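1. give me a 3D structure for the following:
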Amino acid sequence: MDPHHLRTFVTVARLTSFSEAARELGYTQSAVSQHIAALESDLGQSLLGRRPVVPTPAGERLLEHAGSLLLRLDAARADLARFAAAPPERLTLAASPLALHPRTLAALPAVGVTLRTLPRDDVPAAVATGAADLGLIDGLAAPSDPLPLPDIAPLTAVRVAEEPLAVVLPDGHPLAGRPGLRLADLVDARWLDAPDAGFPLDRLRAAHGGPTGHGFRTALRHEGTDTRIVGALAAAGHGLTLLPVSLAAGIAGAVAVPLSAPRLVHRVELLHTGTEPGGPAAELARRLRLRLRLRLPA
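-> Got it, this is the predicted structure:
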């Protein structure tokens, strides 16, 4: 399976147009048609309908594999390129929004770093493909458990922080005076769905262990990476949210009640390729570890 043909197929399927795909890829329309024909001949199946241009059932199945295959090839190319490349003068750090709290910002040197905020699922790919030199990714985990990573490249993950979680409620909420809250108490509450700036609701459902799709109804969905907006929405009564205690504390008009069960923490991991980063990346990694390491209560 030729990766160039596969990339062309993915582009045509996304744009639903041979001519638009040719324009984006810089090919002639004839070349795009030849790529698709060669891929269909190689696999022995029709992959795209022509009028309209939509994937066939076989094409839909190939699309399920294509993204990870192409990403893995890009990661391999970037990994090999690092052997010949000189250490970069500027470093790029990709970070998921909830990994960016004041300790993260304090760890950054005054010059020489580009900070890129990405949805958490995009951070590993950025590091694997060389779009970022280091990554900071966060998520919900049992204490000391590692975060799951996609199988796209050999990535090393190092824990740099764990801290407790809190449910953010508006002032005056009936549960605001509780010393602690369980997710089981909040299954029927209405929640903010902020998959990039907070925690996706499907992960709360999984942590609760209830039936798939049960509970944690969406009151309002926020599409963005600004965690301050999530806190402000919770304070304004648009839905509950779960945040690390360091971010939940001090939100104007809100109360942060510790999550008592299940026993979960907010975990932050530093991602890099290889066994250990070198040069300026090693110094940045050291600074991040020192600044972000938090002590959990017993």
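2. setting the sequence-adjacent residues aside, check what's closest to Arg267.
-> Distances taken as C-beta to C-beta, 6 or more residues apart in numbering put Ala141 closest to Arg267, at 4.4 Å, once the chain neighbours are dropped. The C-beta positions use only the backbone N, C-alpha and C, and glycine is treated the same way.
3. check Arg178 too.
-> Across the structure, with C-beta to C-beta, 6+ apart as the measure, the residue nearest Arg178 apart from its sequence neighbours is Val257 (5.5 Å).
4. now do Leu70
-> Here the nearest residue to Leu70 in space, its sequence neighbours aside, is Arg7; by C-beta to C-beta, 6+ apart that works out to 6.0 Å.
5. follow-up on the earlier one: I figured the residue nearest to Arg178 hits Leu183, correct?
-> No. With contacts defined as C-beta atoms under 8 Å, Val257 does not count as touching Leu183, sitting 12.0 Å away.
6. more neighbours, those two?
-> Comparing Val257 with Leu183 by neighbour count (other C-beta atoms under 10 Å), the higher total belongs to Leu183, at 23 against 20.
7. got phi/psi on the nearest residue to the more buried one once chain neighbours are set aside?
-> Closest residue to Leu183 in three dimensions, ignoring its sequence neighbours and counting by C-beta to C-beta, 6+ apart: His208, at 4.6 Å. Backbone dihedrals for His208, given as degrees, to the nearest 10, come out at phi -70, psi -30.
8. which ones are touching His208?
-> Leu183, Ala184, Val187, Gly215, Phe216, Pro262 (C-beta atoms under 8 Å, 6 or more residues apart in numbering).
9. helix or strand with the lowest mean pLDDT in this structure?
-> helix 279-292 (a mean of 77; mean pLDDT, DSSP states H and E).
10. got the buried residues for that one?
-> By neighbour count, with 16 or more other C-beta atoms under 10 Å as the criterion, the buried positions of helix 279-292 are Pro280, Ala281, Leu284, Ala285, Leu288, Arg291, Leu292.
11. C-terminal to the longest helix along the chain, what's the next element?
-> For the chain, the helix with the greatest residue count under DSSP state H is helix 57-84. The element immediately downstream of helix 57-84 (helix or strand, assigned by DSSP states H and E) is strand 91-95.
12. counting by contacts, list what that next one packs against.
-> strand 113-117, helix 123-128, strand 134-141, helix 279-292 (3 or more C-beta pairs under 8 Å, 6 or more residues apart in numbering; DSSP states H and E).
13. right, and those - which one's nearest Ala58?
-> Distances from Ala58 to each of the helices and strands packed on strand 91-95 were compared using C-beta to C-beta; the minimum, 26.0 Å, belongs to helix 123-128.
14. list the contacts of that closest one.
-> Looking at helix 123-128 with C-beta under 8 Å, 6+ apart, the contacting residues turn out to be 71, 74-75, 78-79, 94-96, 116, 118, 131-137, 149-150, 152-153, 155, 271-273.
15. remind me which residues of the chain are low pLDDT?
-> Residues of the chain meeting the criterion pLDDT under 70: 82-89, 210-213, 275, 292-298.
16. 80 instead?
-> By pLDDT under 80, the low-scoring segments of the chain are 75-90, 101-104, 110-111, 153, 210-214, 274-281, 285, 288-298.
17. for it, what spans make up the strands?
-> If you assign secondary structure with DSSP state E, the strands in the chain sit at 91-95, 113-117, 134-141, 155-163, 165-170, 181-182, 190-193, 217-221, 241-244, 254-261, 265-273.
18. show me what contacts the nearest residue to Arg182 once chain neighbours are set aside?
-> With C-beta to C-beta, 6+ apart as the measure, Ala261 is the residue that lies nearest to Arg182, at 4.2 Å, once sequence neighbours are left out. Residues touching Ala261, when contacts are defined by C-beta under 8 Å, 6+ apart, comprise Gly180, Arg182, Leu183, Ala184.
19. distance of the last one from Trp191?
-> When you say that, I think you mean Ala184. Here Ala184 is placed at a distance of 14 Å from Trp191 (C-beta to C-beta, to the nearest Å).
20. swap in the first one?
-> Plainly put, Gly180 is 18 Å away from Trp191 if you go by C-beta to C-beta.
21. who's more crowded, the two?
-> The residue with more neighbours, out of Gly180 and Trp191, is Trp191; 25 against 12, by other C-beta under 10 Å.
22. shouldn't that one be in contact with Gly239?
-> Yes. With contact taken as C-beta under 8 Å, Trp191 and Gly239 are classed as touching, separated by 5.0 Å.
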